[in-house]
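Asker: coordinates only, no sequence provided:
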């Protein structure tokens, strides 16, 4: 995977949570403020020693499956400016599951990967039902000429409920690998909730792909999580009070990296 080598060591990916974008209820009306915080967070994460970042429209509140045009344009503009200010690999997550926007931005700014939350599962969330997008996403990536943009695919992702409960986490992992994912993300039930170790182990047993812990990684558990997982995505635990809208804390980043290296 370009820029991310899971063979050498565990990978740490920090989240750049954009504040609410234009077109969403919580938009503050100030794109400059949103952009400046995103850039500052990205630089803080890079300086702390993170291996990569994911830029996400996290502040957009009640997510739809796809972004509106206002959100897509704003996320693209912010991502482009962030990319000019950091040199570590960048991923795009257009939540809730807008693979087309994610790939399009990644192609435009020469990002390294996208995160696709619902790749092979059929789930229910507060915005309705999301069906698998693997086939469409792979076709879109091919038509865009973006085969170099890797896919980090969640399975049975947080904040959703499986509509087909007989599908095991192992089934989802095998499907994600068969459908072209480059790495698999497993999570707890919600933001900040630790990914169960048992889930990481079960997925590791059935796939050759890197398995990434996608929620709840913090100073107190990072060593345990990364004894099993090949990487971790870290977000809320790097914010003061765990408040998503807060900027990334340099001090909390340093504490996490210190715990990781201890």
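Answerer: All right, it came through fine. All figures in this text were calculated on a predicted structure; none of them were measured in a lab. Residues are numbered from 1 along each chain as shown.
Asker: what residues are bridge-paired with the residue nearest the centre of the chain?
Answerer: Nearest to the geometric centre of the chain sits residue 115, at 4.9 Å (CA atoms, centre = their mean). Using DSSP bridges, the bridge partners assigned to residue 115 are residue 152.
Asker: what's near enough to touch it?
Answerer: Taking CB atoms under 8 Å, 6 or more residues apart in numbering, we find residue 115 in contact with 54, 56, 91-93, 102, 152-154, 185. Backbone N, C-alpha and C define where each C-beta goes, glycine included.
Asker: and of the residues you listed, the nearest to residue 252?
Answerer: residue 54 (17.3 Å; CB to CB).
Asker: strands of the protein, start to end?
Answerer: In the chain, the strands defined using DSSP state E lie at 11-17, 52-56, 90-93, 113-116, 123-125, 128-130, 150-154, 161-162, 183-186, 211-213, 231-234.
Asker: out of the ones you listed, flag the one nearest residue 220.
Answerer: Closest to residue 220 of these is strand 231-234 (CB to CB; 12.6 Å).
Asker: do me a favour and average the pLDDT over the closest one.
Answerer: For strand 231-234, the mean pLDDT works out to 97.
Asker: just stretch 27-34 next, same as before
Answerer: 98.
Asker: ends of it, how far apart?
Answerer: End-to-end distance for stretch 27-34, by CA to CA, to the nearest Å: 9 Å.
Asker: what about residue 122, neighbour count?
Answerer: For residue 122, the count of nearby residues is 14 (other CB atoms under 10 Å).
Asker: meant to ask about residue 32, not that
Answerer: Residues near residue 32, counting by other CB under 10 Å: 7.
Asker: next one: it relative to residue 17, how far apart?
Answerer: Distance of residue 32 to residue 17, given as CB to CB, to the nearest Å: 17 Å.
Asker: cool, and residue 27?
Answerer: 15 Å.
Asker: next: residue 240.
Answerer: From residue 240 to residue 17 the distance is 13 Å (CB to CB).
Asker: now residue 4
Answerer: 20 Å.
Asker: list the contacts for residue 111?
Answerer: Contacts of residue 111 by CB under 8 Å, 6+ apart are 79, 83, 89-92, 105, 149.
Asker: residue 40: what's it in contact with?
Answerer: 247-248.
Asker: again, only this time at 7 Å
Answerer: residue 247 (CB atoms under 7 Å, 6 or more residues apart in numbering).
Asker: okay, it and residue 183: tell me how far apart.
Answerer: For residue 40 relative to residue 183 (CB to CB), the value is 27 Å.
Asker: residue 134 now?
Answerer: Using CB to CB, we find residue 134 at a distance of 14 Å from residue 183.
Asker: circling back: take the strands of the chain and write them to CSV, including distance to residue 173.
Answerer: Shown next, in CSV, are those (distance: least, CB to CB, whole Å):
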stretch, distance to residue 173
strand 11-17, 18
strand 52-56, 20
strand 90-93, 20
strand 113-116, 14
strand 123-125, 15
strand 128-130, 18
strand 150-154, 9
strand 161-162, 14
strand 183-186, 6
strand 211-213, 8
strand 231-234, 15
